[in-house]
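[1] here is the input, now give the coordinates:
(chains A and B)
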Amino acid sequence: MKNVIRAAALTGAIALALAACGSAPTTGGSTSSAAASGAANSSFKGCIVSDSGGFNDKSFNESGFQGLKDAAGKLGIQTASAESKTDDAYTPNIQNMLSQNCNIIVTVGFKLSTATGDAAKANTKTKFALVDAQPTDAQGKALTLDNVKPLEFDTAQAAYLAGYLAAGMSKTGKVGTYGGLKIPTVTVFMDGFADGIAKYNQVKGKNVQLIGWDKAKQDGLFDGGNSPFDPGSGKANADSLVAAGADILLPVAGGAALDALTAAKATPGTLVIWVDSDGALINPDSSSIILTSVMKLIGAAVGSAVTDAAGNKFDATPYVGTLKNNGVGIAPYHDLDSKVPSDLKSEVDQLKADIISGKITVQSANAPKAS
Amino acid sequence: MTDELVPDRAAAPPAAPPEPSSEQRASSWLRRVSSGEVLTTVLAFVLALVIGGILIAAVDKKVTAAAGYFFARPGDLLGAAWHSVSGAYAALFRGAVLDYQATTVLKAIRPLTETITTSTPLIIASLAVAVAFRAGLFNIGAQGQVIMGAVVSGYVGFTFHLPPVVAVLVALVVGVLAGAVWGGIAGVLKARTGAHEVIVTIMLNYVASFLLAWLLTTSAFRVHGSQEPKSQTVLTNAQLPLLFGSQYRATWGFVLALVAAAFVWWLMSRSRLGFQFRAVGANPYASRTAGISVARMTAYVMLASGALAGLAGAVQLLGTSKYLTDGIAGTIGFDAITVALLGRSKPGGIVAAGLLYGGLSAGGRFMEVVTGTPIDIVLVLQALVVLFIAAPGLVRTIFRLPAPSADVEGALA
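    Numbers count the residues shown, from 1 in each chain, chains lettered A, B, ... in the order given. Below is the predicted model:
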């Protein structure tokens, strides 16, 4: 037995030393508590729980986490994060946050709406910010709670601009879209995109077609299945759109949007419009085929919710991101700037101004109600 | 995988002495794993903890910072590493067993109830996998059977208004039946046509998960007026009652899991049917010679295995989740395979392994929140434990243990 202990201790010590020596100080920043380990000069604690997509989803979990980290860096508050691996982790993760005395808990995504509603009702002193959804009770009815701020985004407005742009840029007269799942936060992009294309057709007397989404029927092309937002699950949809002649793709599919980039590279001349964040920045190797991005500025919304809570200015009024408050928008054209005709650019800018002024209203049944 | 060697209902005359087929090799490997010793299991866990500790230290920013000037001041590195690893494992313990830093006793024991909650479906699904293992069959389809159990018990649970007690019993029974049917498909296909159960069950997993995704788009399942892919909530009468009151999530499902474990023990160790299951698992050719219908046993085993997995799904839904989402089964069906291996396919071992696994999951979530250690470390720990258990020779070599005698290995598990 002595031998065993000695062997184990020795192996452990040697391995530990080697590992600590070998790992250069370049390990990535994926661990949380950047602020907690550094200059935590505040007892305020901002916490975040992801949905099953995880914090590296290149989508709302990642943006939300970044928003919390940025706010924490500025305010010097403590943070904690919990990445949910499965759907049954939401409730325990929120419970753990509560047991760690978090002052505000950011929960990301509609999948957490019931868990957030339950926890908020039972813990009225803790503030919550729920990204992309409203809190619901166990029966799925939306709740209005004094300690939960829903952070929602009317992305149809920005997608409208992208639709107009895509219609103007398409050479084949066909643009395509596909989604991860048929849920409002996905189809709201498609509704706006469809309307933007229709606007272009109306103004120019053209007939640019949208494949993959029928706004009237509210039906279209979705990945579905086990992991609809994972890379690979959008391949069949992206390929079929390209095969059908679409030369601009709008993938509203989280990680599965990468499949659109792959398909676009395989067929030169095909462009992609990214969603959620600025795609040309997060996929630098594909910046030459990313026309623009329909951005949802989740990080900024999360950051301001946390900042308000830390400054005792929390209010539960639902936040709805629009073009007007810069909660949504379209990204710069980056590499393709010279390819976009200046007339088209100014038309898009004019449309943006018209939407902000209320001259044009973008209608979508899937847009957040509370605006 | 080789068709001609799969035991068939229309048994060919036992002319040629059968060569060791892939099936036999597989089942003898299973037997070797399941007849291993408790000691190697414990040591495998210790080894995994050591390696996990190294990883925890390696991803800690303070440790890596201290490593930069290791030769100038080695004490800093060791101190930081010790602090990081001990902190993480302490948090793991606090999240899985007892939160000794909590302000009240009731809060302090919450982690234990969380462990129980997490491990409940896992234990039942592992029993399902183990029943098949012991009969020489790989049920990789527990995931699909769990999904079907959850779907059907959920549908009954939120659709039909039944009196208390009756409602929950009916929902549980239909869940069990749904799982049995789903497992039975693979069993019957194997018995009748020799279709390999691994391939059939894997494919049925996909069928089940896509079926669930589709069902969640139908008005029969969705909350009225909602666009979100989640189902209605199970009516109160059909929910499993809470075990320790409303403060904790643990339900009577855990008691069901223990009952299921006792039942599987009786089935496999005391009943005639269970003896036939094991006999077929040990040697299908000898079993056939002894007058056991291998085909029929194959079908029965998969029915029983599927029924248990269906119960796991029903318990998860009626007890913990209460409504269906596309991720209702999480990774239960796959973790169940791991837990069954870890528990050496014995009911007692599975209960212990399930609690350990559930504890690691619950503790891992807590650890992530408290110390910022990525939860992936826990997944690595779980994987390492299984790796070392699947390779007992490695553990024995590292700790210089004597090899067990051949008799033990050959004994009928």
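[2] alpha carbons only for contacts and neighbour counts from here, please
    OK.
[3] how about B:G358: what's its closest non-neighbour residue?
    Closest residue to B:G358 in three dimensions, ignoring its sequence neighbours and counting by C-alpha to C-alpha, 6 or more residues apart in numbering or on different chains: B:S119, at 4.3 Å.
[4] please give the element, helix or strand, for that neighbour.
    For B:S119, the element it lies in under DSSP states H and E is helix B:110-134.
[5] which helices and strands does that helix pack with?
    Using 3 or more C-alpha pairs under 8 Å, 6 or more residues apart in numbering or on different chains; DSSP states H and E as the contact test, the elements touching helix B:110-134 are helix B:22-34, helix B:74-96, helix B:142-159, helix B:253-269, helix B:272-282, helix B:294-315, helix B:332-342, helix B:347-371.
[6] buried residues, the longest one. List them.
    By that I understand helix B:347-371. B:347-371 (16 or more other C-alpha atoms under 10 Å in any protein chain shown).
[7] repeat for the fourth one
    Of the residues in helix B:253-269, those buried by neighbour count under the rule 16+ other C-alpha under 10 Å are B:253-254, B:256-258, B:260-261, B:264-265, B:267-268.
[8] just checking, what packs against that helix?
    Judged by 3+ C-alpha pairs under 8 Å, 6+ apart, helix B:253-269 is in contact with helix B:110-134, helix B:272-282, helix B:347-371.
[9] same check, this time on the second one
    Contact partners of helix B:74-96 among helices and strands, from 3+ C-alpha pairs under 8 Å, 6+ apart: helix B:38-59, helix B:61-67, helix B:110-134, helix B:347-371.
[10] for burial, what's the neighbour tally of residue 192?
    Picking chain A for this. When neighbours are counted by other C-alpha atoms under 10 Å in any protein chain shown, A:G192 registers 28.
[11] my bad, chain B
    Neighbours of B:R192 using other C-alpha under 10 Å come to 17.
[12] one more: A:G168?
    Neighbour count for A:G168, taken as other C-alpha under 10 Å: 22.
[13] swap in B:A220?
    When neighbours are counted by other C-alpha under 10 Å, B:A220 comes out with 14.
[14] make sure it is indeed in a helix.
    No - looking at B:A220 with DSSP: H, G, I helix; E, B strand; the rest coil, it is coil, so not inside a helix.
[15] torsion angles phi and psi at it?
    B:A220 has phi and psi values of phi -70, psi -30 when expressed as degrees, to the nearest 10.
[16] so what pLDDT did it get?
    pLDDT for B:A220: 91.
[17] could you do A:P284 as well?
    Looking at A:P284, its pLDDT reads 89.
[18] do B:L256 as well
    B:L256 is assigned 97 on the pLDDT scale.
[19] could you do B:A11 as well?
    43.
[20] for chain B, which spans come out with low pLDDT?
    Confidence mapping of chain B against pLDDT under 70 gives the ranges B:1-37, B:404-413.
[21] hmm, try it at 50
    Flagging of chain B using pLDDT under 50 yields the residue ranges B:1-17, B:407-413.
[22] show me what the top helix by length along it packs onto, helices and strands only.
    The residue-count maximum for a helix in chain B (DSSP state H) belongs to helix B:166-193. Counting contacts by 3+ C-alpha pairs under 8 Å, 6+ apart, helix B:166-193 packs against helix B:142-159, helix B:197-215, helix B:294-315.
[23] dump stretch A:103-116 to PDB, restricted to CA.
    Extracted C-alpha coordinates of stretch A:103-116, given in PDB (Å, rounded to 0.1, in the frame of the first residue of the first chain):
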ATOM      1  CA  ASN A 103     -27.200  40.300  -7.500                       C
ATOM      2  CA  ILE A 104     -28.200  40.000 -11.100                       C
ATOM      3  CA  ILE A 105     -28.400  36.800 -13.100                       C
ATOM      4  CA  VAL A 106     -28.400  37.000 -16.900                       C
ATOM      5  CA  THR A 107     -30.200  34.000 -18.400                       C
ATOM      6  CA  VAL A 108     -29.800  33.400 -22.100                       C
ATOM      7  CA  GLY A 109     -32.500  32.200 -24.400                       C
ATOM      8  CA  PHE A 110     -36.100  31.100 -24.500                       C
ATOM      9  CA  LYS A 111     -35.200  27.700 -23.200                       C
ATOM     10  CA  LEU A 112     -34.500  29.300 -19.800                       C
ATOM     11  CA  SER A 113     -37.800  31.300 -19.700                       C
ATOM     12  CA  THR A 114     -39.600  28.900 -17.400                       C
ATOM     13  CA  ALA A 115     -36.600  28.300 -15.200                       C
ATOM     14  CA  THR A 116     -36.100  32.100 -15.000                       C
END
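[24] contacts for that stretch next, please.
    Contacts to stretch A:103-116, defined as C-alpha atoms under 8 Å, 6 or more residues apart in numbering or on different chains, come from residues A:44-51, A:60-61, A:64, A:87, A:90-91, A:94, A:97, A:126-138, A:140, A:302, A:306, A:309, B:228.
[25] now do stretch A:87-94
    A:49, A:51-52, A:82, A:84, A:105, A:111-112, A:115-116, A:119, B:114, B:320-321, B:325, B:327-328, B:330, B:362, B:365-366.
[26] which ones are touching the most centrally placed residue in chain B?
    In chain B, the C-alpha nearest the mean C-alpha coordinate belongs to B:A336, at 1.5 Å (C-alpha atoms, centre = their mean). For B:A336, the contacting residues are B:122-123, B:125-126, B:129, B:142, by C-alpha under 8 Å, 6+ apart.
[27] all set now, cheers.
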